[in-house]
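> Need a 3D model of the sequence below.
(one chain, ligands or ions: 1)
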Amino acid sequence: MKGISPRRLAVIALLVALTAMLGYLFNRTQATDIEAQNRVMLTLRELEKLDAEWTVNILRLHVGLNPDYASLSAPLPRMRELQQQLAEALPLSPGPETRTAYTDMARRLRDKATLAEEFKMQNSRLRSSLSYFPPAITALKAEVTGIGGATAPARTVLALDGALNALMTDILRYNLAPAPELARSIEQDIALAVSLKGPFPQSIRDAIDDVAVHARLILRHRQHENALDARIAALGTAAAMDRLGRLFDRAFDQGIIEKQRFRTFLFIYSGLLLLLLIYAARRLRRSYTIIGVVNRSLQAANATLEQRVAERTAELEAQAEQLKQLADHDSLTGLINYGQFSRLLDLALVRAARRGNIVVVMFIDLDGFKAVNDTWGHAAGDMVLKEVASRVKALLRKEDVLARLGGDEFVILLEEVKGREGAGRVAQLALDAVRGITEVDGHLVRISASIGIGATCGGIVTPEAGETLLAEADQAMYSAKQAGKSRFVFSPGAQWDSCPAPRTAARQPGARSG
Ligand SMILES: Nc1nc2c(ncn2[C@@H]2O[C@H](COP(=O)(O)OP(=O)(O)OP(=O)(O)O)[C@@H](O)[C@H]2O)c(=O)[nH]1
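Model prediction:
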């Protein structure tokens, strides 16, 4: 089957097999139909009873009682009906034995019916002769000893009378208990009677012949009937029924024993299934536990990962900030560097162009700094640079910008300064701050600064406007140097009033002091 793994297929097959097994065992333990079994036994009992009555009727006829031949075949329809019911119940007893016993019983009953018919014919002939015989002998005797015997010698009359008496006695005895010696005696009695009939009239002679015929019929029919009776008895129908009953009984008992056995199997199998279920449940529970542990580990790992990502992100952000700091700032003084200053200057110029305010740039170059380096070493020079940065920064407003361009060069950016005087005041304060540095690291130093001041009021901003303004301030600083240092000089191109016409091009630096 496509899409189903072999493992799942095996599990499905196992479940089907287990269910089928359960169904099979359950089916084998289903309760026996006790009523059906009882019906079989009752049918058999009734059949046995009818058979016994049948036999009794035959025996009654045999001993000369109740010459009712109809009663002989009366139970046969019911017996056939009962046999049919037994045949239908045969599946209740599995195996061939019961069926064979049933067939044997049915055959014996059929044979018995045939023999019973023969018996009936035989018995009716015998009865006819037996009912004829006693009155015929009595009548013959009366005739012989009466008028009929008047012409015969008295000795012959007496002999014939005795022979007839003997014949009568022997016949009756033979009828009760046929024996070969009695048969011989009867033949002798007949022969004697026939031999003595000569002197008697024809009627007596005929009567003697009739009596002889009937005596012989009784002899033959009694013998025949007894043989039939013996054959009927030898059929043993009752024993056959009894055997069939025992086989049914045994089959029913075996069925109960088998069901008990399968109940035990079912019990054991249910126990095994329960164990299997417990095993599966434990495995499921273990799987859930493992899944829970893995889940928790994953959550922990995830949390750790998230924490590490957050830490790493923070590190990267710090590094980026550091890089930005390094890129934008001077590592010695912490002031912004030239690049960042240029960007801020450009922005300030854009703002100034829009608002019409003044942007001032003061280029600061220290005086006598080389001497500090040369006298007290580079470290002392560094300390001076840091001190300058710190002191100048301290005197500026928060929105003012101080940058270190490199070496001993600094630059101040001011926006919205109150004219030339305002710018001059700031420059003077810066000069004083630098001059105020007289000692670093225990060494006496003497430094000052030269400041060049450029200013513009915005207008049209060109890409070079910032550089131009810085160059003007630089040029002014140069002028301050030339003028004797430790002072500030205004750039000649500095604009202090409200903006005139927009500036369209950078001016060449001039060398005028202000
Ligand atoms: N300690 C230190 N010295 C520096 C640094 N950068 C540049 N310098 C030195 O600063 C000095 C600057 O030279 P100058 O400007 O000619 O020195 P000065 O004595 O101020 O001369 P004037 O400007 O003419 O007054 C040089 O000797 C450089 O080697 C720095 O970061 N630290």
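> which residues of the stretch 251-400 of the chain fall in helices?
Under the criterion DSSP state H, counting those that start in this stretch, helices of the stretch 251-400 of the chain are mapped to 338-355, 369-376, 378-395.
> And for the chain?
Secondary structure of the chain, counting by DSSP state H: helices at 6-28, 34-62, 70-73, 76-89, 96-145, 154-176, 180-196, 202-235, 237-328, 338-355, 369-376, 378-395, 419-435, 465-482.
> Return the residues of the chain in contact with the ligand.
Within the chain, the positions lying close to the ligand (Cβ under 6 Å from any ligand atom) are 332, 365-371, 373, 378, 381-382, 385, 407-408. C-beta here means a position set from N, CA and C on the backbone, and glycine is covered the same way.
> Need the winner for burial among the helices of the chain.
Greatest average neighbour count among those goes to helix 465-482 (a mean of 22), per mean count of other Cβ atoms under 10 Å.
> Tell me which residue in the stretch 251-400 of the chain sits closest to the ligand.
Residue nearest to the ligand within the stretch 251-400 of the chain (Cβ to the nearest ligand atom): Gly381, separated by 2.4 Å.
> If you drop the residues flanking it in sequence, what lies closest to that residue?
Using Cβ to Cβ, 6 or more residues apart in numbering and skipping the chain neighbours, the partner closest in space to Gly381 is Asn373 (4.0 Å).
> ok, Ser5 to the ligand distance?
75 Å (Cβ to the nearest ligand atom, to the nearest Å).
> Repeat that for Thr438.
Taking Cβ to the nearest ligand atom as the measure, Thr438 falls 16 Å from the ligand.
> thinking that residue is in contact with Arg446, fair?
Yes. At 7.1 Å, Thr438 and Arg446 qualify as touching, with contact defined as Cβ atoms under 8 Å.
> Looking at those two, which one has more neighbours?
Set Thr438 next to Arg446 and count neighbours by other Cβ atoms under 10 Å: Arg446 wins out with 13 against 10.
> residues in contact with the more buried one?
Applying Cβ atoms under 8 Å, 6 or more residues apart in numbering to Arg446 gives the contacts Gly368, Ala371, Thr438.
> Export those residues as JSON lines, with columns for distance to Leu469 and pLDDT.
Conversion of the contacts of Arg446 to JSON lines gives the following (distance: Cβ to Cβ, whole Å; pLDDT from 0 to 100):
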{"residue": "Gly368", "distance to Leu469": "27", "pLDDT": "93"}
{"residue": "Ala371", "distance to Leu469": "31", "pLDDT": "95"}
{"residue": "Thr438", "distance to Leu469": "33", "pLDDT": "95"}
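> and which of those residues is nearest Leu15?
Leu15 has its nearest neighbour among the contacts of Arg446 in Thr438, at 99.9 Å by Cβ to Cβ.
> what sits against that closest one?
Residues counted as contacts of Thr438 (Cβ under 8 Å, 6+ apart) are Leu444, Val445, Arg446.
> what are the phi and psi values for the last one?
Put plainly, it is Arg446. As for Arg446, its main-chain torsions (degrees, to the nearest 10) stand at phi -140, psi 100.
> Next one, pLDDT for Lys2 please.
Lys2 is assigned a pLDDT of 60 by the prediction.
> If you could redo that for Gln307, that was the one I meant.
Looking at Gln307, its pLDDT is 91.
> re earlier: worst average pLDDT in the helices of the chain?
For the helices of the chain, the bottom mean pLDDT is recorded on helix 70-73, which sits at a mean of 80.
> Give me the helices and strands touching it, please.
Using 3 or more Cβ pairs under 8 Å, 6 or more residues apart in numbering; DSSP states H and E as the contact criterion, the secondary-structure elements in contact with helix 70-73 are helix 34-62, helix 96-145.
> Same list, those helices, but as TSV with distance to Pro492 please.
Listed next are the helices and strands packed on helix 70-73 as TSV, based on distance: least, Cβ to Cβ, whole Å:
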stretch	distance to Pro492
helix 34-62	136
helix 96-145	142
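> Compare those and give me the one nearest Thr313.
Relative to Thr313, the nearest member of the helices and strands packed on helix 70-73 by Cβ to Cβ is helix 34-62, separated by 85.2 Å.
> how far is the closest one from where the chain is centred?
Relative to its parent chain, helix 34-62 has a centroid offset of 58 Å by Cα atoms, centre = their mean, to the nearest Å.
> Could you check the angle that helix makes with helix 237-328?
Relative orientation of helix 34-62 with respect to helix 237-328: 170 degrees, computed using axes from the mean of the first three to the mean of the last three Cα atoms, to 10 degrees.
> Can you name every helix or strand that helix 34-62 contacts?
The elements that helix 34-62 packs onto, with contact taken as 3+ Cβ pairs under 8 Å, 6+ apart, are helix 70-73, helix 76-89, helix 96-145, helix 202-235, helix 237-328.
> Next, the angle from that helix to helix 202-235.
Using the same axes, to 10 degrees: helix 34-62 against helix 202-235 is 160 degrees.
> Distance of the residue nearest to Ile232 when sequence neighbours are not counted relative to Asp400?
In space, and not counting its chain neighbours, Ile232 is closest to Leu115: 5.0 Å by Cβ to Cβ, 6+ apart. Relative to Asp400, Leu115 is positioned 150 Å away (Cβ to Cβ, to the nearest Å).
> Phe369 too?
The value you get for Phe369 to Asp400, if Cβ to Cβ is used, is 23 Å.
> same question, Glu472
As defined by Cβ to Cβ, Glu472 lies at a distance of 19 Å from Asp400.
> Ala230 now?
Between Ala230 and Asp400 the distance, using Cβ to Cβ, works out to 155 Å.
> do Arg78 as well
Computed with Cβ to Cβ, the distance linking Arg78 and Asp400 is 138 Å.
> who touches the residue of the stretch 251-400 of the chain closest to the ligand in this structure?
For Gly381, the set of contacting residues under the criterion of Cβ under 8 Å, 6+ apart consists of Phe369, Val372, Asn373.
> can I get those residues in CSV with distance to Leu344?
Written out in CSV, the entries for those read as follows (distance: Cβ to Cβ, whole Å):
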residue, distance to Leu344
Phe369, 25
Val372, 29
Asn373, 29
